[in-house]
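Visitor: Take this sequence and fold it.
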Amino acid sequence: QEMAEDWVVESVVGFLLSPLWTTPVMNFYEDNCVVFEDKEENKLEYTLIHKQYQDLVERTLEDFLGSIGLDASQFVAVMEEAESFGDRFPPVVFATVLAADDFLIFKNLMIDTNMMLQRESHAFMQALYQQNQQQQQQQPQQQQQQEIYDNMRLRSASMSAHSSRQSSTRANRQGSATHLSLQQQQQQQ
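Guide: Down below sits the predicted model:
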C-alpha cells in the first residue's frame, strides 16, 4: 500500500509540474498580475481575481483527480505526504495549489509574477535599444562599404573601357602599320 501511495504522490506532483497544470496557472498569473502592487492594502479587485483563480484550480484539479480516481480529501492527504518529502519537490509546486486557499500566498505569487514580467520587459526593451544602436552604428559602415564597392566597380568598368580603347587603338595602329607596310612593298615591286 505504501508503494501505491508513493505512486499517487509521484503522479500528483508530476501533474503539478506538467504543462497541464503550469500552463493555465502561469497564463492566469501573467494575465492578471499587473494590478497587484507590493503594498499592504488589498484592493477589492484582488479578491475578485483570487476567486477566479480558485475556480481555475478547482476545475483543473477535479479533471486530473477524476482521471486517477482520487477525491478532494485524498488529494489533501497526498499533498501533505508530498510536502513531507521536503527537497524532492520544489516548494512552488505546493504554493500554486495552496494559493487557491491562502490569499496571502496568492497575492505574493501575483506580485512576484508582476515583478518578474517587469524585469523581463525591461531587459527586452534594453536589448531592443542596444540592437537599434548597433544597427545605426553599422549602417554608416555598410553605406561606406557599399560606396567603396561601387567606386571599385566604376574604376574597373572605366579601366576595362580604357583598356578596350587602347587595344582598339593599338589594333588600328597595327592595322595601319601593316597596311602601310603592304603599300610600301607593293611600291617597291
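Visitor: where does the protein dip in pLDDT?
Guide: Scanning the chain for pLDDT under 70 picks out 1-5, 85-88, 139-140, 158, 160-189.
Visitor: Can you pull up the most central residue in it?
Guide: Central residue of the chain (Cα atoms, centre = their mean): Phe124, 9.4 Å from the mean position.
Visitor: and that residue, which of the three is it?
Guide: helix (DSSP: H, G, I helix; E, B strand; the rest coil).
Visitor: Now do it against Tyr29, distance only.
Guide: Distance of Phe124 to Tyr29, computed by Cβ to Cβ, to the nearest Å: 18 Å. Where C-beta positions appear, they are placed from N, C-alpha and C, glycine not excepted.
Visitor: Ok, Glu62 next?
Guide: Glu62 is 20 Å from Tyr29, by Cβ to Cβ.
Visitor: Looking at these two, which one has more neighbours?
Guide: More crowded of Glu62 and Tyr29, by other Cβ atoms under 10 Å: Tyr29, with 21 against 13.
Visitor: my read: that one touches Leu109, true?
Guide: Yes - in this structure, Tyr29 is within contact of Leu109 by Cβ atoms under 8 Å, at 6.5 Å.
Visitor: How about the contacts made by Met115?
Guide: Met115 makes contacts with Asp38, as judged by Cβ atoms under 8 Å, 6 or more residues apart in numbering.
Visitor: Figure out the helix or strand that it lives in.
Guide: helix 103-188 (DSSP states H and E).
Visitor: Repeat that for Leu70.
Guide: Using DSSP H and E, Leu70 maps to neither a helix nor a strand.
Visitor: and it, how many neighbours does it have?
Guide: Leu70 - counted by other Cβ under 10 Å - has 18 other residues nearby.
Visitor: Isn't it up against Val8?
Guide: Yes - between Leu70 and Val8 there is a contact under Cβ under 8 Å: 7.0 Å.
Visitor: Now for these two: what residues contact both?
Guide: Listed contacts common to Leu70 and Val8 are Val78; contacts here mean Cβ under 8 Å, 6+ apart.
Visitor: what sits against the closest residue to Val12 other than its chain neighbours?
Guide: Spatial nearest neighbour of Val12, chain neighbours left out: Val78 (5.0 Å); criterion: Cβ to Cβ, 6 or more residues apart in numbering. By Cβ under 8 Å, 6+ apart, the residues touching Val78 are Glu5, Val8, Val9, Val12, Leu70.
Visitor: Relative to Leu61, how far out is Val78?
Guide: Here the criterion is Cβ to Cβ. By it, Val78 lies 11 Å from Leu61.
Visitor: Could you check how far the residue nearest to Val12 is from Trp7?
Guide: Distance from Val78 to Trp7, counting by Cβ to Cβ: 10 Å.
Visitor: swap in Phe94?
Guide: 19 Å.
Visitor: Among the two, which residue is more densely surrounded?
Guide: Using other Cβ under 10 Å as the criterion, Phe94 and Trp7 rank with Phe94 on top: 17 against 11.
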